[in-house]
Each structure stands twice: as structure tokens, then as C-alpha cells.
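Colleague: sequence first, predicted coordinates after that:
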Amino acid sequence: MQEAALIEPLRIDVDVACPPEHAFATWTERFALCWPRGHTVSGDPETIVLEPRHGGRIFERTRDGREIDWGEITGWEPPRRLSYRWHIRRDRAAATDVEVCFVAADAGSTRIEIIHAGWERLGADAETWRDANRGGWNGLLPHFRTACASRPTTSEEVTA
């Protein structure tokens, strides 16, 4: 059996104007504020959840209580690193790998370093999906920057 050729991972860096602890918490606890509704399975989730632990699920919860899996946490090192298997709208066997590192930078800011790999699991469509995901990251990260700039209040509803 011939092994699939490795496809170059996506590598994306972005700077946000907050410390790593806040950036990590925004990514993991307030993910629904960053994620566009149109990029969900249901199209109108009540919320998006990242369970805060190794082996935790990433899923959307619909307004009728249904939970739709998107991935699984494979690395949990707050506030420094998060990794997960990502399979939104795909079979788990075709999951890609996402690693997000939160690196302290100058003046209380954070450099977010993202590596998105494992494209070869998608077979013949791998490079097309890789290119589409580059656009997806470019669409998501401005929302993440905005969410990092805001500070949640104790009464803030953290839903999509």
C-alpha cells in the first residue's frame, strides 16, 4: 500500500493586543464570538463549546439541544498551547490537525502561531481543502482579534 504524500501545513501568525492568558481564554471560552454562524453545521447554533481538557470535545449545540461534533482536543496547556483534531462537516477519519500557540510579545500583546496540518487524510481533495481553509482562517482571525479586544463581563452571554 502506497503512503499518501505529505502536504505542506498551513502556517498562519497573527498578533493580538492582549496578554496570552486573555488570548487563550478568548479562543477556548469565547469561541462562539469568533466563529461565523454560516460556517456551522446547523447554520444557527445556540453556542459553540470547547471542553477545556485533553480529550474534550469541540461541538456546536443547536437551539433544540442537539450537539454536533466538530473535533477533539489533543493538547491542552493553558495559556500556552492548544491542539485539536478538526473534522467539521467531515468524517472523524478525515480530521485535520490544528495547533495554536500563544506566545507573549511586546507591550502585553500575543503572537498567535497556528499550524494546520494532516491534509493528506482528505485524499484527492486535500490541496483544494487546504486552500479553502487558508481563506477560512483569514475570515476567522479578524473576528478573533475583535473578541480579544473586548473583555467579558460577568453577565455577558457567551453564545454564537
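Modeller: Ah, there it is.

Colleague: give me the number of residues near residue 35?
Modeller: 21 (other C-beta atoms under 10 Å). (Each C-beta comes from the backbone N, C-alpha and C, glycine too.)

Colleague: ok, the residue nearest to residue 109 when sequence neighbours are not counted to residue 39 distance?
Modeller: Across the structure, with C-beta to C-beta, 6 or more residues apart in numbering as the measure, the residue nearest residue 109 apart from its sequence neighbours is residue 17 (5.2 Å). According to C-beta to C-beta, to the nearest Å, residue 17 stands 25 Å off from residue 39.

Colleague: now do residue 60
Modeller: When distance is defined by C-beta to C-beta, residue 60 is 10 Å away from residue 39.

Colleague: give the contact list for residue 101.
Modeller: In this structure, residue 101 makes contact with 80-81, 112-114, judged by C-beta atoms under 8 Å, 6 or more residues apart in numbering.

Colleague: including secondary structure, could these go into JSON lines?
Modeller: As requested, the contacts of residue 101 are exported to JSON lines (DSSP: H, G, I helix; E, B strand; the rest coil):
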{"residue": "80", "secondary structure": "coil"}
{"residue": "81", "secondary structure": "strand"}
{"residue": "112", "secondary structure": "strand"}
{"residue": "113", "secondary structure": "strand"}
{"residue": "114", "secondary structure": "strand"}
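
Colleague: does residue 55 touch residue 72 like I think?
Modeller: Yes - with contacts counted by C-beta atoms under 8 Å, residue 55 reaches residue 72, the gap being 6.7 Å.

Colleague: any idea how far residue 101 is from residue 30?
Modeller: Note on residue 101: its distance to residue 30, by C-beta to C-beta, is 18 Å.

Colleague: tell me the SS of residue 13?
Modeller: Secondary structure of residue 13, reduced to three states by three-state DSSP: strand.

Colleague: cool, thanks, talk later.
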